[in-house]
Structure formats: structure tokens, C-alpha cells
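> dropping the sequence and predicted coords here.
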Amino acid sequence: MNIKQFMAQDHRDCDLLFAKAENAAANDDWTAASHAFTEFVHAMERHLGVEEQELFPAFEEETGILTGPTEMMRMEHEQMRTLFAEMKEAMEQQNSDDYLGAAETLLIMMQQHNMKEEQILYNMMDQRLPDEVNDWQKKFKGWNKK
């Protein structure tokens, strides 16, 4: 399994957790929403952390490209984290309108972000870091414990 396949599958796994939290919030089941949202944010932070601390630096070192795709992805990660905080606050206030509004913005952002990674960046990584794939998968699985 290459980087693109592995990381794209993790995108899908995170999307399922996102949908679970969104559905619970839409039904005003705040206990279930809180649990699912916590799972979602944990999975996303794991995913973003692997990219920011493992994959992006290795790609930048290998290619010498320090600006461009990885820089843009980091900026988008920060925008997502801002939305996570807005969603958490809305959840704590049990405000479904605010939660679902931020969730809709996040969903659009994640879809666009994931498409850029899956169609461009991960392909570039697979071309430049092919011998590293199994190591990335091991590192990623280790991040589950973090």
C-alpha cells in the first residue's frame, strides 16, 4: 500500500467519525455528539500530526521544496483547527445551529483539502519517497497511541 492509498483511507475513516458527530448534533444527542466529536478530533490530530511531523518534512528534505504544497496544507490544517475549536464551543453550549454551521464549513474545507492531497501531494510523495512507505505506515500506527 502506497502513501496515497494509506492516507486516503485515513481520510475516509476521519470522514466517518465526522459524519457520526454531525448526525448526533443534528439530533440534539449531545452525549453521543460529544463522544463522536472527541473521536473525530483525535483521529484528525493524529492524521495532521503524521503529515506535519513526518511526511511533510521528509518530502521537503527530499525535494528541497519548502514552500508550495506542504506550506499550503499546513495553513489549511490551522484553519481546520480553528473550526474544531468553534465546533467544540458550540457543542459545549449545545448549540446545534452554530455547530452545524461550522461543521458545514469544515466539511467543504476537508473535501477540497483531501482532494489536493490525494490527487497531487500524495502522488508526489509516492514518487519521491517510495522506499519509505512501510516505515510511514508503522509510524502512523504508532501515532494511535499518542
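Thanks, I have the structure now.
> quick one: terminal-to-terminal distance for stretch 59-79?
One end of stretch 59-79 to the other measures 22 Å (CA to CA, to the nearest Å).
> tell me how far it lies from the chain's centre.
Relative to the chain's own centre, stretch 59-79 is displaced by 15 Å; criterion: CA atoms, centre = their mean, to the nearest Å.
> now residue 92: how far from residue 85?
Using CB to CB, to the nearest Å, residue 92 is found at 11 Å from residue 85. Bear in mind the C-beta positions are built from the backbone N, C-alpha and C, glycine included.
> whoops, I mixed them up, residue 91
The value you get for residue 91 to residue 85, if CB to CB is used, is 11 Å.
> comparing these two, which residue is more hemmed in?
Applying other CB atoms under 10 Å to residue 91 and residue 85 shows that residue 91 carries more neighbours, namely 22 against 12.
> so the more buried one touches residue 32, yeah?
No - when contacts are counted by CB atoms under 8 Å, residue 91 is not listed as touching residue 32 (11.1 Å).
> residue 16: how many residues sit nearby?
Neighbour tally, residue 16, other CB under 10 Å: 12.
> what helix or strand is it on?
In the assignment (DSSP states H and E), residue 16 maps to helix 3-26.
> what residues does the next helix or strand after that helix touch?
Counting by DSSP H and E, the next helix or strand C-terminal to helix 3-26 is helix 30-50. Under the contact criterion CB atoms under 8 Å, 6 or more residues apart in numbering, helix 30-50 has outside partners 7, 10-11, 13-14, 17-18, 20-21, 24-25, 77, 80-81, 84, 87-88, 91, 94, 99, 136, 139-140, 143-144, 146.
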